[in-house]
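Asks: what shape does this take:
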Amino acid sequence: MDRKLYTSGSPYEKTFGFSRAVKVGNLLVVSGTGPIAPDGTTASVGDAYGQAMRCLEIIKNAIEEAGGELDNVIRTRMYITDTSVQDAVGKAHGAYFSEIKPAATMVVVKGLVRDDWFVEIEADCLLE
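Replies: Model prediction:
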């Protein structure tokens, strides 16, 4: 099967050795995506909703670059650093997926790559 790799330019992709997304057949898997601003800094510091929206924007761009659309998303995973941000992250997720309703998981983790991140999000897609 053909394997195609997609990048978003994250400073971690080359250093950590991963791709933003990997497509094999009609399966597209989008890596855990943190709230990285275009300049490499953390987007929306102190704002969990803004950070989640940035994560989802990056995910959407990766899906579209691979020839898909948000309707192709079948599962998301949201990693949050504290339950106090669950509603803000859930609201952002709903802004993108309220009609699509993929299977979704939200998990509280001890921490993420950067101390100022509240959220990291993954997505799995089936492309047509």
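Asks: can you pull out the helices in the protein?
Replies: For the chain, the helices defined by DSSP state H cover 11-16, 48-65, 86-97.
Asks: can I assume Trp83 is in contact with Val107?
Replies: Residue 83: Thr, not Trp. No - using C-beta atoms under 8 Å, Thr83 is not in contact with Val107, being 10.7 Å away. In this view, the C-beta of every residue, glycine as well, is placed from N, C-alpha and C.
Asks: check what contacts the helix or strand bottoming out on mean pLDDT in the chain and list those residues.
Replies: Ranked by mean pLDDT, DSSP states H and E, the weakest helix or strand in the chain is helix 11-16, scoring a mean of 85. Helix 11-16 is contacted by residues Thr7, Phe18, Ser19, Arg20, Ile36, Gly40, Val113 when judged by C-beta atoms under 8 Å, 6 or more residues apart in numbering.
Asks: quick check: the closest residue to the last one other than its chain neighbours vs Thr42, distance?
Replies: If I follow you right, that is Val113. Among residues not flanking Val113 along the chain, Gly34 sits closest, at 6.2 Å (C-beta to C-beta, 6 or more residues apart in numbering). With the distance defined as C-beta to C-beta, to the nearest Å, Gly34 ends up 8 Å from Thr42.
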